[in-house]
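**Student:** Give me the fold of what follows.
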Amino acid sequence: MVKRDETDESHSLRGPIDRPALLTIRDIIDREEPLAVPSLDDYLNPTALEVPLEDGLCHAESAQIDVQWTTRADYKFHYTDADGVNFRWGKHSHDGDYIHVPRNEQYHPPPDATADPDDVEESCIKQSVEALVTRAVLKLWRVAYHAGSYNPLNAASNPP
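**Tutor:** Residues are numbered from 1 along each chain as shown. Okay, here's the model as predicted:
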């Protein structure tokens, strides 16, 4: 079991969780990522898609990506691993608090997925369709996995 860091973020996702979107994301991950076993935390009334991974980035022996997607297409893909590393890609309003993020797409870098305005970066993922965002996250994660480095996680062109 991966220990999750409950990093508090003062900005929240807008709208209720979109179950059909989470099912689409689950099916894509199940089909395209052999290290993942995705499942909804509650099948009928989910709050998140949980994606345990049989291996993590760098030296982590296990990891998990928790996904939230709302009916307003706000989202969060939050990675945590057995070594205590956290990062996330997200899209939601931040009221201009993230000084390096001109739009709503943001990347909270490792090791702690900070919400410090000086550290949050503009995300390289600009799509808003759940299938495209999911494929971009999987590709970025897989490139970082093979590189043995966190550096590729937000270093791609749009779309990654």
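**Student:** so what's residue 86 bridging to?
**Tutor:** residue 80, residue 112 (DSSP bridges).
**Student:** Now for it: which residues touch it?
**Tutor:** Residues in contact with residue 86 (C-beta atoms under 8 Å, 6 or more residues apart in numbering) are 5, 7, 78, 79, 80, 108, 110, 111, 112, 113. From N, CA and C alone the C-beta is placed, and that goes for glycine too.
**Student:** Most neighbours among these, which one is it?
**Tutor:** Neighbour count (other C-beta atoms under 10 Å) singles out residue 79 as the most crowded of the contacts of residue 86, with 27 neighbours.
**Student:** Report the contact partners of that one.
**Tutor:** Counting by C-beta under 8 Å, 6+ apart, the residues that residue 79 touches are 57, 63, 64, 65, 85, 86, 87, 88, 113, 141.
**Student:** Turn those into JSON lines, including pLDDT and distance to residue 13.
**Tutor:** Compiled in JSON lines, the contacts of residue 79 are given as follows (pLDDT from 0 to 100; distance: C-beta to C-beta, whole Å):
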{"residue": "57", "pLDDT": "97", "distance to residue 13": "24"}
{"residue": "63", "pLDDT": "97", "distance to residue 13": "22"}
{"residue": "64", "pLDDT": "98", "distance to residue 13": "19"}
{"residue": "65", "pLDDT": "98", "distance to residue 13": "16"}
{"residue": "85", "pLDDT": "98", "distance to residue 13": "22"}
{"residue": "86", "pLDDT": "97", "distance to residue 13": "17"}
{"residue": "87", "pLDDT": "98", "distance to residue 13": "17"}
{"residue": "88", "pLDDT": "97", "distance to residue 13": "12"}
{"residue": "113", "pLDDT": "95", "distance to residue 13": "15"}
{"residue": "141", "pLDDT": "96", "distance to residue 13": "21"}
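**Student:** could you pull out the strands for this structure?
**Tutor:** 39-40, 49-53, 63-69, 75-81, 86-91, 105-108, 121-122 (DSSP state E).
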